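Enquirer: What follows is a predicted structure for the sequence shown.
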Amino acid sequence: MKTIAVFFGGVSPEHEVSVITGLQVLANLDHAKYFVIPIYISKDGIWYTGDNLTNADVYKDLVKIPEYCNQVYFTPGEDGWVLCEKRKGFLKSEIRIKIDVIFPCFHGGAGEDGSFQGFFEVAKIPCVGSGVLGSALGMDKLSTKYILSANEINQTRFISVIRESQEIKIDFKYPLFVKPNSSGSSIGVSKVHNSKELKNAIDVALCFGSRAIVEEAIEQAREINVSVMGGEVGELQVSPCEEVFSSSKFLSFDDKYKTGRKGAKGMESANRQIPAFLSPVIEKQIKDTACRVFRLLNLSGLARVDFLVKEKTREIFVLEANTIPGSYSFYLWKEAGVDFSQLCDKLIEIAERDFANKKKYTTKFAGNLLSNLGSSLKNPKLG
């Protein structure tokens with residue numbers, strides 16, 4: 001039986017959203033196949049585990065979690081890195097567990113930007129989803145936009161704003177969207193209609209990082225999303241498209257997560273149409289472009305690519321790629337006949353396959369360049 005460590009929470013404005021996704025994955029992993037360990041990372045970065053972490057009621061008071069959970073950490077062992085659980089009580093010894101696959105359910109912060117993925121790449125443990133580069137590019141919206149622009153993929157016009165900027169020059173008309181460069185779930189996103197609103201929105205966006213994005217709003221456009229799944233090499237699968245509807249001027253945090261349904265519904269609670277009503281030509285264009293984006297950004301596992309569609313001109317605009325989308329976009333794959341449990345299986349298989357492929361690469365040099373080092377350090381020669 002494989003041991004799967006499911007990580008969620010984390011130091012991120014999207015902490016609570018991550019908890020929802022984590023609980024959904026924990027509930028849908030097949031416990032007949034896997035020994036599952038929930039690992040909650042608190043808002044101050046402490047790692048905890050405990051049987052109660054699968055209970056949604058626990059998260060109504062986050063402060064109390066340390067009272068009935070044990071801290072955990074990873075450490076190198078004789079057979080590779082292992083998870084160590086600190087047991088409470090006098091003379092309690094640590095439990096050391098070998099982890100087969102890491103299943104991250106973070107949204108935003110170090111859990112989604114490649115930092116977390118880098119740690120487990122060093123530890124040589126397969127990790128579900130994109131690796132260091134893909135995760136970093138997916139989180140950094142400006143880097144994504146520059147790569148897509150270089151490959152002539154249609155996007156809304158945009159400019160970047162840095163914290164030190166004194167003057168902002170915009171050559172496109174209002175309304176505009178202002179977004180943090182590295183955030184999700186519509187946190188810190190504003191739609192603005194004049195220069196005063198623009199300045200205030202930029203101030204808000206820069207609370208979440210050193211850079212913000214100002215981009216042109218495409219009026220009377222439909223918001224269409226699609227999910228792509230696959231490894232670093234090989235064929236890709238594409239889900240049905242969805243159209244997401246907002247209750248206001250844009251798809252807000254409340255639209256995504258607070259649309260009147262109770263319980264840990266996550267992105268499933270948003271108001272959407274699946275499959276979206278699209279012409280075959282537009283649908284194919286969206287799916288083909290989503291696959292191109294997946295490959296250009298070096299993504300793996302699963303991602304959701306978000307689009308705007310302007311029907312009058314039949315134009316599509318790529319908004320962004322989400323490397324760990326809310327609820328892992330299971331509601332899209334459900335429409336393709338893949339339930340959440342099967343989706344988890346597929347993502348674990350992809351992670352193990354990517355890991356096995358990486359082990360085939362050469363990482364050692366047969367010679368020893370240091371064999372003749374000797375006293376040359378005393379009189380080093382440049383060049």
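Expert: Received, thanks. The structure displayed is predicted, hence computed values, not measured ones.

Enquirer: now the one helix or strand Ile286 maps to: how far from the chain's centre is it?
Expert: Assessed by DSSP states H and E, Ile286 sits inside helix 280-296. For helix 280-296, the separation from the chain centroid amounts to 20 Å (computed by CA atoms, centre = their mean, to the nearest Å).

Enquirer: Going by neighbour count, which residues of the helix or strand that that helix is followed by are buried?
Expert: Per DSSP H and E, the first helix or strand lying C-terminal to helix 280-296 is strand 301-310. Neighbour-count burial for strand 301-310, counted by 16 or more other CB atoms under 10 Å, picks out Gly301, Leu302, Ala303, Arg304, Val305, Asp306, Phe307, Leu308, Val309. (Glycine included, C-beta is placed from N, CA and C.)

Enquirer: I'd like to know which of those is nearest to Ala205.
Expert: Ranked by distance to Ala205 (CB to CB), the buried residues of strand 301-310 are led by Asp306 at 18.0 Å.

Enquirer: Output the lowest mean pLDDT helix or strand found in this structure.
Expert: Using mean pLDDT, DSSP states H and E, helix 253-257 stands out as the lowest-scoring helix or strand of the chain, at a mean of 52.

Enquirer: Would you mind identifying the next helix or strand past it?
Expert: Following helix 253-257 in sequence, per DSSP H and E, is strand 272-273.

Enquirer: gap between that next one and the chain center?
Expert: Distance, centroid of strand 272-273 to centroid of chain: 22 Å (CA atoms, centre = their mean).

Enquirer: who does it pair up with?
Expert: strand 242-244 (antiparallel) (DSSP bridges).

Enquirer: what's the strand it pairs with in contact with?
Expert: With contacts defined as CB atoms under 8 Å, 6 or more residues apart in numbering, strand 242-244 is touched by 222-226, 251, 255, 270-277, 331-332.

Enquirer: how does it look with 7 Å?
Expert: Identification of contacts with strand 242-244 by CB atoms under 7 Å, 6 or more residues apart in numbering yields Arg222, Glu223, Ile224, Asn225, Leu251, Ala270, Arg272, Gln273, Ile274, Ala276, Leu332.

Enquirer: Buried ones from these, can you make that a PyMOL selection?
Expert: Buried residues within the contacts of strand 242-244, by 16+ other CB under 10 Å, are selected in PyMOL with:
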select buried, resi 222+223+224+225+251+270+272+274+276+332
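
Enquirer: Least confident of the contacts of strand 242-244?
Expert: When the contacts of strand 242-244 are compared on pLDDT, Leu251 comes out lowest, with 53.

Enquirer: List the contacts of the closest residue to Phe340 other than its chain neighbours.
Expert: Closest residue to Phe340 apart from its sequence neighbours, by CB to CB, 6 or more residues apart in numbering: Asn28 at 3.9 Å. Asn28 sits next to Phe340, Ser341, Cys344 when contact means CB under 7 Å, 6+ apart.

Enquirer: Out of those, which is nearest to Lys179?
Expert: Set against Lys179, the nearest of the contacts of Asn28 by CB to CB is Phe340 (29.3 Å).

Enquirer: Tell me if I'm right that that closest one and Leu332 touch.
Expert: No - when contacts are counted by CB atoms under 7 Å, Phe340 is not listed as touching Leu332 (11.1 Å).

Enquirer: returning to that earlier point: what is the most widely separated pair among the buried residues of strand 301-310?
Expert: Across the buried residues of strand 301-310, the longest distance by CB to CB is 25.7 Å; it joins Gly301 and Val309.

Enquirer: coming back round to it: may I see the buried residues of strand 301-310 organised as CSV, with distance to Phe365 and pLDDT added?
Expert: Formatted as CSV, the buried residues of strand 301-310 follow (distance: CB to CB, whole Å; pLDDT from 0 to 100):
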residue, distance to Phe365, pLDDT
Gly301, 31, 98
Leu302, 35, 98
Ala303, 34, 98
Arg304, 40, 98
Val305, 39, 98
Asp306, 43, 97
Phe307, 45, 97
Leu308, 48, 96
Val309, 51, 97
